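Enquirer: just need the structure, nothing else, for what follows:
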Amino acid sequence: MNHVQRFGCRWVFLFSFGLCAATVPVRGQTNAVAATVHPLATEAAMNAFARGGNAVDAAVAAGLTLGVVDSFNSGIGGGCFILIRLANGQVVAIDGREAAPTAASRDMFIRDGDAVPALSQTGPLAAGVPGELAAFDEAVRRYGRLKLADLLLPAAKIGEDGFKLDDAYLERLRAVTDELAKFPEARSILLQSDGQPWPVGHNFVQHDLASTYRSIAEQGIDWFYRGPFAAKTAGWMQANGGLLMEKDFADYEFKTREAVRTTYRGYEVIGFPPPSSGGVHVAQILNILENFNLKAMGPNSADFVQVVGEAMKVAFADRAWWLGDPDFAKVPRGLVDKEYARQLARRIEMDHVIDVPDHGVPPAATIDVFGGHTTHFTAADAEGNWVAITATINTTYGSKVFVPGTGVVLNNEMDDFSAQPGKPNFFGLVGNEANAVAPGKRPLSSMSPTIVLKDGKPVFSAGAAGGPTIISQTLLAVIDFIDFGMSPEQALAQPRFHHQWRPDELRIEKGIGEPVLDELRRRGHKLKIVDSFGACQAIARSADGQFAGAHDPRIRGDADTR
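Expert: This is a model prediction of the structure:
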């Protein structure tokens with residue numbers, strides 16, 4: 001067994017920025033592989049394998065553990081998308097996205113005619129109904145070998161025994177200390193008596209969260225959705241001006257959806273459908289890029305960045321207009337149509353940026369639509385089960401609301417709606433009526449769990465954290481693997497770039513080099529140069545059966561094979 005650990009990087013599970021040493025690969029003749037953003041979560045996945053579990057069990061074990069050791073990014077107070085490719089070839093997409101409360105309304109965040117960002121980002125109105133636990137339970141019951149309790153109890157023990165806080169964890173905590181201090185429960189859990197974060201090396205114990213995990217293990221998820229947790233949450237909301245009620249929890253249902261599929265240079269690429277925008281737009285951009293010889297351009301060349309960046313731009317313009325919850329909005333299947341992609345490809349110029357004033361109109365836009373029905377971790381086993389999960393509570397510590405006595409922090413996914421169509425959210429994304437707030441509706445997401453097949457067999461999987469850059473990170477990993485033949489560790493080490501249409505700028509890592517940056521400026525790009533961004537995890541399997549797993553070199557993470 002090979003084992004890799006990296007510490008001391010600045011990172012967030014779904015929203016990640018930072019710099020770390022180069023990724024170290026994990027390779028060998030193996031039966032299983034897992035890659036997550038935290039060593040204890042990867043260890044939990046490998047322990048699930050050791051107890052006879054499959055890749056589904058391992059991935060859920062990792063997710064539940066991350067809710068303890070990486071709670072500022074994900075947890076059972078948030079949501080997830082689970083993409084599974086079973087050994088028999090069946091593909092399953094489980095939607096555990098959060099849902100708006102029954103009492104939610106289109107203009108609930110508007111005051112005096114304008115959206116107030118603080119209302120959708122912090123406090124009682126920011127939280128949607130959590131869906132992660134329901135999705136995890138469904139995945140394990142139907143496709144795993146172990147019981148949910150078998151995966152909850154080891155994570156609960158970590159909560160009881162504690163784990164050592166390092167700079168990576170505390171850097172995220174320090175960034176939101178002032179906001180957390182406004183909420184008594186958050187302050188008592190995360191801060192010292194003087195209001196300051198715990199020091200490096202502090203053994204962080206979470207008795208309430210451990211007790212919650214044990215209660216769910218003993219009584220099932222009804223304890224959460226139809227029992228004490230729902231009641232405690234509703235009571236706090238009623239006392240503090242929130243909207244979540246016990247009925248919202250009781251009515252929550254995971255949804256099984258049809259995966260998005262496309263082909264790219266002889267490979268099949270499988271992604272998550274709406275309310276994820278990731279699967280649609282990874283597929284759409286790949287379809288556009290299939291009309292260009294990227295291999296001849298070479299990785300990290302100005303031509304490569306030009307073509308891929310412009311393809312991102314036109315796709316994100318479509319995202320802003322068309323994407324939303326398919327139970328409420330008509331999301332065109334034509335967005336992943338090959339001929340529509342060729343039309344968009346013809347708009348791209350090599351020597352200058354193009355103007356994209358508005359969205360495109362895919363074929364049968366209002367007729368052929370998707371049916372109604374931010375860390376990433378992934379696992380695979382020798383039988384052929386592959387699992388890619390992206391989970392989130394949105395921004396750091398979500399709404400900052402810890403439900404008293406439970407240790408569970410609630411998400412702030414209501415900010416992923418278009419609080420006021422045309423106005424940007426926390427990540428600068430704009431949306432339209434398709435993503436407006438409505439009771440029971442699920443907000444649009446960029447989460448992009450992706451599995452790639454060759455000759456019908458899975459060979460690569462990737463997903464990322466980082467708001468809208470999730471789409472571009474996942475896209476670039478797939479391109480590096482297919483077009484340039486890179487291993488996961490090589491792919492994740494490449495300089496990144498991202499364009500989301502609005503604001504009209506190309507975010508790009510300075511590691512691309514000054515000659516390329518200068519050439520992109522000459523072509524008319526407005527550059528936002530950053531040290532690094534994102535947090536991507538990836539695994540691959542070669543023709544001879546070797547697994548390779550890699551965590552992002554920009555963060556602390558872990559990948560392991562057995």
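Enquirer: gap between the strand or helix carrying residue 262 and the chain center?
Expert: Assessed by DSSP states H and E, residue 262 sits inside strand 260-264. Put simply, strand 260-264 sits 20 Å off its chain's centre (CA atoms, centre = their mean, to the nearest Å).
Enquirer: helices and strands around it, which ones?
Expert: Strand 260-264 is packed against strand 267-271, helix 278-289, with contacts defined by 3 or more CB pairs under 8 Å, 6 or more residues apart in numbering; DSSP states H and E. Just so you know, the C-beta spots here come from the backbone N, C-alpha and C atoms, and that holds for glycine as well.
Enquirer: could I get the full set of helices for the stretch 451-562 of the chain?
Expert: Remark: helices assigned in the stretch 451-562 of the chain by DSSP state H, counting those that start in this stretch are 469-482, 488-492, 514-522.
Enquirer: do you know which of the ones you listed lies nearest residue 508?
Expert: Closest approach to residue 508 among the helices of the stretch 451-562 of the chain (CB to CB): helix 514-522, 7.1 Å.
Enquirer: can you list contacts of the closest one?
Expert: For helix 514-522, the external contacting residues (CB atoms under 8 Å, 6 or more residues apart in numbering) are 300, 301, 302, 305, 306, 506, 508, 510, 527, 529.
Enquirer: make JSON lines out of the residues you listed and add pLDDT, neighbour count and distance to residue 200.
Expert: Output for the contacts of helix 514-522, formatted as JSON lines (pLDDT from 0 to 100; neighbours: other CB atoms under 10 Å; distance: CB to CB, whole Å):
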{"residue": "300", "pLDDT": "96", "neighbour count": "17", "distance to residue 200": "36"}
{"residue": "301", "pLDDT": "98", "neighbour count": "16", "distance to residue 200": "42"}
{"residue": "302", "pLDDT": "98", "neighbour count": "21", "distance to residue 200": "42"}
{"residue": "305", "pLDDT": "98", "neighbour count": "24", "distance to residue 200": "38"}
{"residue": "306", "pLDDT": "98", "neighbour count": "24", "distance to residue 200": "43"}
{"residue": "506", "pLDDT": "98", "neighbour count": "23", "distance to residue 200": "36"}
{"residue": "508", "pLDDT": "98", "neighbour count": "23", "distance to residue 200": "32"}
{"residue": "510", "pLDDT": "98", "neighbour count": "13", "distance to residue 200": "28"}
{"residue": "527", "pLDDT": "98", "neighbour count": "16", "distance to residue 200": "35"}
{"residue": "529", "pLDDT": "98", "neighbour count": "13", "distance to residue 200": "30"}
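Enquirer: which among the residues you listed gets closest to residue 489?
Expert: When the contacts of helix 514-522 are compared for distance to residue 489 (CB to CB), residue 300 wins out at 16.2 Å.
Enquirer: hmm, back to that, can you pull the buried residues of the strand holding residue 262?
Expert: Buried residues in strand 260-264, counting neighbours by 16 or more other CB atoms under 10 Å, are found at 260, 262, 264.
Enquirer: which ones are touching the residue nearest to the second one when sequence neighbours are not counted?
Expert: If the residues on either side of it in the chain are set aside, residue 262 comes closest to residue 283, at 4.0 Å by CB to CB, 6 or more residues apart in numbering. Contact analysis of residue 283 by CB under 8 Å, 6+ apart lists 260, 261, 262, 269, 271, 336.
Enquirer: where in the stretch 451-562 of the chain is pLDDT low?
Expert: In the predicted model, the stretch 451-562 of the chain carries pLDDT under 70 at residues 557-558.
Enquirer: and the helices in the stretch 101-250 of the chain?
Expert: Along the stretch 101-250 of the chain, counting by DSSP H, counting those that start in this stretch, helices occupy 117-121, 132-143, 148-161, 167-175, 177-180, 184-190, 207-219, 222-225, 228-240, 246-251.
Enquirer: quick one: contacts of the first one?
Expert: Outside helix 117-121, the residues that touch it by CB under 8 Å, 6+ apart are 108-109, 111, 125-126, 395, 399, 412, 414-415, 417, 419, 425-426.
Enquirer: now do the SS call for residue 82.
Expert: Following DSSP: H, G, I helix; E, B strand; the rest coil, residue 82 is assigned to strand.
Enquirer: now it: how far from residue 134?
Expert: Per CB to CB, to the nearest Å, residue 82 is found 11 Å from residue 134.
Enquirer: between the two, which one's more packed in?
Expert: More crowded of residue 82 and residue 134, by other CB atoms under 10 Å: residue 82, with 28 against 24.
Enquirer: shouldn't that one be in contact with residue 387?
Expert: Yes - between residue 82 and residue 387 there is a contact under CB atoms under 8 Å: 7.0 Å.
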